[in-house]
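1. A structural model of the following input is requested.
(chains A and B)
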Amino acid sequence: MSSNHQHHTLVALVEDKPGVLTRIASMFRRRGFNIASLAVGKSEQPGLSRMTFVVEGDEHTVNQVTKQLDKLIDVIRVSDITDEKIVARELALIKVNANSSNRGEVIQIVQLFRANIVDVGAQSVVIEITGEEDKINALHALLEPFGIIEMLRTGLVAMVRGQANGRTSDSVGLNAYGQVSNGFGAGHMAAPEASPKPETSAKSEA
Amino acid sequence: MILTGAEIVCESLLQEGVEIVFGLPGGAVLPFYGALAKYPALRHILVRHEQAAAMAADGYARATGKVGVCSATSGPGATNLVTGIACAMMDSIPLVAITGQVPRPAIGTDAFQEIDVTGITLPITKHNYLVMNVEDIAPAIKEAFHIARTGRPGPVLVDIPKDVLQVERTEFIWPGSVNLPGYNPPGEAPEEQIAKSAELINQAERPVILAGHGVLISHAHREMRELAEKAQIPVVTTLLGISSLPTDHYLNLGMAGMHGLAYASLAIDKADLLISLGMRFDDRVTGRLRDFAPNAKVVHVDIDPSELDKNVKADGPVAGDLKQVLNQLLPKIEPNVHIEWLRHTDKLRADHPSTQIRDTQELLPQYVLTELSKATRGEALIVTGVGQHQMWAAQYCDFQEPNTLITSGGLGTMGFEVPAALGAKLGRPDKTVWSVAGDGGFQMTMCDLATAVENKVDIKFAILNNGRLGMVHQLQDLSYNEEHFATVYSGNPDFVKLAAAYGITGIRVTEKEKVAEAIQQAMETPGPVIVDFMIRETENVYPWIPAGESVNEILEETAQQTGPGEKGS
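-> You can find the predicted model right below:
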């Protein structure tokens, strides 16, 4: 195993059926893969959900994660978009101690981060922030001295920028044959230069 | 035609060409059994334990290449299938298990005989279904068979609540196709993968084909043989790949790995290219990975892309159906003779005679299996359990035709020998079926001798009886300083009397001279026969590469057999 452990962002299109999350979670647990975050919700297609995974591991591990996900019948497509140009966002709600004496200071910090205060109480405020993980971490660090009462983060959602050769985020990393790339053929974890074969694989959107 | 759920299950099974269902009824699945009675084209084999239903369906599938079908009721019926389903999963066997579930209103209430069987079988099935509406039964069964038999085959479980089977009715409509957008097993491989592999094969000076179960599953044995003969490449097999090339073929070096033939493992060690076909680099094949095939580049063909680069990094990875891949590859392979290399593998064979039998009056298991193989001319279906007898069968039996060794590889399921033989014989009534059993495994599933008797299934059982869990005993010899604990059976039943209790013939063999005669007598006696071979108790399996080690640490036979094994009893 190489030591270049890092976070990879994976996007998957999955069937919106009972038990899908269990199948995915069970596979991760059984094979000893680590999920740093997982977010799931409806996609643009009825009956299908899109998931964003942040996975820890070296290239070999993440390659296995991707292929094992793809092997699940209910997973329609999965792609590692770590090396793509992406928009990645997470939402956090942070309840922090704030009274009349220091509320102003908290508001100042919130404004610097272009975050919002969504609830104000006598002794606390609830802050809503959307952004990349680092931005939320930074706000969290600055608020910590005030005393954080509660925090809730949604996990990262991510999308490839631009047209991406007309592909959705869950298919940009597939090779020209609709296979999860594994370091051969059309290039590792990158959109192929050549245009994809015209939908020979049913791994294309209907 | 408006039918009940249970009738729709039967109609669907007929549509899939099912001939036999192995099972055992119970409350929740009873509506299905009620319908089965009206469908005589679906033969039901009533077993004594659901584990046998799953394993018989597995044996049937291995022997015929068709999907095996088993059925059980909810709760304990379903959990008893679990070991058999797991065994099928590990060895990529097409299997469909149909289980009854408690009625929908009772689900989630811990009702009598309620168990979450789709939850339990999640990691041991290729896919599973809980069918909550009668309209969904036919599509679910169609998908189940499609998933089970295509791509890398595997077991699929369909769980149906009792009220969906019994109360609900609908029009029976057999779907024309399946709708599985997330399931697209590869067929032909991308051209650049084929080109890269052909280049590696054409450049190799010391290539070895490593043939796995995929060769048999994909019906690619002819293409593999053509590849081997065209470029004169020696073939080494995994346990499940054994019958993919006739044992006596001049290029067949036999099984490699932990108890593989020394020359097969050494050929891998010296090879400059491994052409790995439909196999997954199991630890029983590779031993310590960093010392496995240290000089070799790797071409790896598998229909399951997740096997590529999982255990061994491939220089030429190919994701595709093996038969199609070999047909793509063959025209690109240049004829070759590899004279130096074949001379070397011949020398390895001569220097490491792994299958020589010691000259002794004692009853050796190796001798028994050699005689069995002679008597059946290598044409019988050999079904084994798991352990020493399994390894000896792999080493000493000849296999002339594909799919003639039926054995539990990945899961290593003891007890497989009785029910799998039942399924194999029912699937291939034209073949002589020998169940090579250990006394340990045989006792795990011997209750289903009754099923063989009842259905007049003509199986010959060869119990290699050493009164112990031989393989574990052997492990204790070497790896646990000969400290033997919980591996000797001192109260085994008299298997000849047991045969009599079932109304079948039993023969005990204690002398070498009586082996051939007993085998002959068994084959001439109609119906099931038990031959109880009282083999040398402390005989161990060699060669032996201890777990986690490499071919450099291989232990070869002769000196060892009078060593620790002798003192161990």
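
2. check contacts around residue 103.
-> In the absence of a named chain, chain A is used. By Cβ atoms under 8 Å, 6 or more residues apart in numbering or on different chains, the contact set of residue A:103 is A:120, A:125. All C-beta atoms are positioned from the backbone trio N, CA, C, and that covers glycine.

3. my bad, the chain I had in mind was chain B
-> Applying Cβ under 8 Å, 6+ apart to residue B:103 gives the contacts B:28, B:161, B:162, B:163.

4. Among those, which one sits closest to residue B:472?
-> Distances from residue B:472 to those, taken as Cβ to Cβ, are shortest for residue B:28 (37.5 Å).

5. returning to what we had before: what's the most distant pair in the contacts of residue B:103?
-> Among these, B:28 and B:163 lie farthest apart (Cβ to Cβ), at 9.7 Å.

6. Which of these two has more residues huddled nearby?
-> Set residue B:28 next to residue B:163 and count neighbours by other Cβ atoms under 10 Å in any protein chain shown: residue B:28 wins out with 30 against 18.

7. And what about that one, helix, strand or coil?
-> Secondary structure state of residue B:28, per DSSP: H, G, I helix; E, B strand; the rest coil, is helix.

8. just checking, residue A:65 touches residue A:33?
-> Yes - the pair residue A:65 / residue A:33 is scored as a contact, 5.1 Å apart, by Cβ atoms under 8 Å.

9. quick one, which of the two is more surrounded?
-> Neighbour totals were compared for residue A:65 and residue A:33, and residue A:65 leads with 25 against 18 (other Cβ under 10 Å).

10. so who does the more buried one touch?
-> The contact partners of residue A:65, taken as Cβ under 8 Å, 6+ apart, are A:8, A:10, A:28, A:31, A:33, A:53, A:55, A:57.

11. Mind checking which of those residues are buried?
-> A:8, A:10, A:28, A:33, A:53, A:55, A:57 (16 or more other Cβ atoms under 10 Å in any protein chain shown).

12. so the fifth one is in which element?
-> Using DSSP states H and E, the element containing residue A:53 is strand A:48-57.

13. Neighbouring strands of that strand in the sheet, and parallel or not?
-> Sheet pairing of strand A:48-57 (DSSP bridges) gives strand A:6-15 (antiparallel), strand A:34-42 (antiparallel).

14. Can I get those in TSV including mean pLDDT?
-> Below are the strands paired with strand A:48-57 laid out as TSV (pLDDT from 0 to 100):
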stretch	mean pLDDT
strand A:6-15	95
strand A:34-42	94
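
15. Out of the ones you listed, which is the most enclosed?
-> Highest mean neighbour count among the strands paired with strand A:48-57 (mean count of other Cβ atoms under 10 Å in any protein chain shown): strand A:6-15, with a mean of 21.

16. Give the other helices and strands that the helix or strand just after it contacts.
-> Downstream of strand A:6-15, the first helix or strand assigned by DSSP H and E is helix A:20-31. Contacts defined by 3 or more Cβ pairs under 8 Å, 6 or more residues apart in numbering or on different chains; DSSP states H and E place helix A:20-31 against strand A:34-42, helix A:59-71.

17. Please list the residues outside the first one that contact it.
-> Going back to what we said before, that points to strand A:34-42. Strand A:34-42 is contacted from outside by A:7, A:14, A:16, A:21, A:28, A:48-57, A:90, A:153-157, using Cβ under 8 Å, 6+ apart.

18. and these, which are buried?
-> When these are checked for burial by 16+ other Cβ under 10 Å, the buried set is A:14, A:16, A:28, A:48-55, A:57, A:90, A:153-157.

19. Quote the end-to-end distance of stretch B:57-75.
-> Start and end residues of stretch B:57-75 are separated by 20 Å (Cα to Cα, to the nearest Å).

20. what's the offset of it from the middle of its chain?
-> Remark: stretch B:57-75 is offset 13 Å from the chain centroid, using Cα atoms, centre = their mean, to the nearest Å.

21. same check, this time on stretch B:189-205
-> Mean-position distance between stretch B:189-205 and its chain equals 30 Å (Cα atoms, centre = their mean).

22. List the buried residues of that stretch.
-> For stretch B:189-205, burial by neighbour count (16+ other Cβ under 10 Å) applies to B:189, B:190, B:193, B:194, B:196, B:197, B:198, B:200, B:201, B:204.

23. before we move on, back to that, by how many degrees do the strand holding residue A:53 and helix A:59-71 diverge?
-> Here the directions of strand A:48-57 and helix A:59-71 differ by 160 degrees (axes from the mean of the first three to the mean of the last three Cα atoms, to 10 degrees).

24. got the angle for strand A:48-57 vs helix A:20-31?
-> Using the same axes, to 10 degrees: strand A:48-57 against helix A:20-31 is 20 degrees.

25. Right, I'll leave it there.
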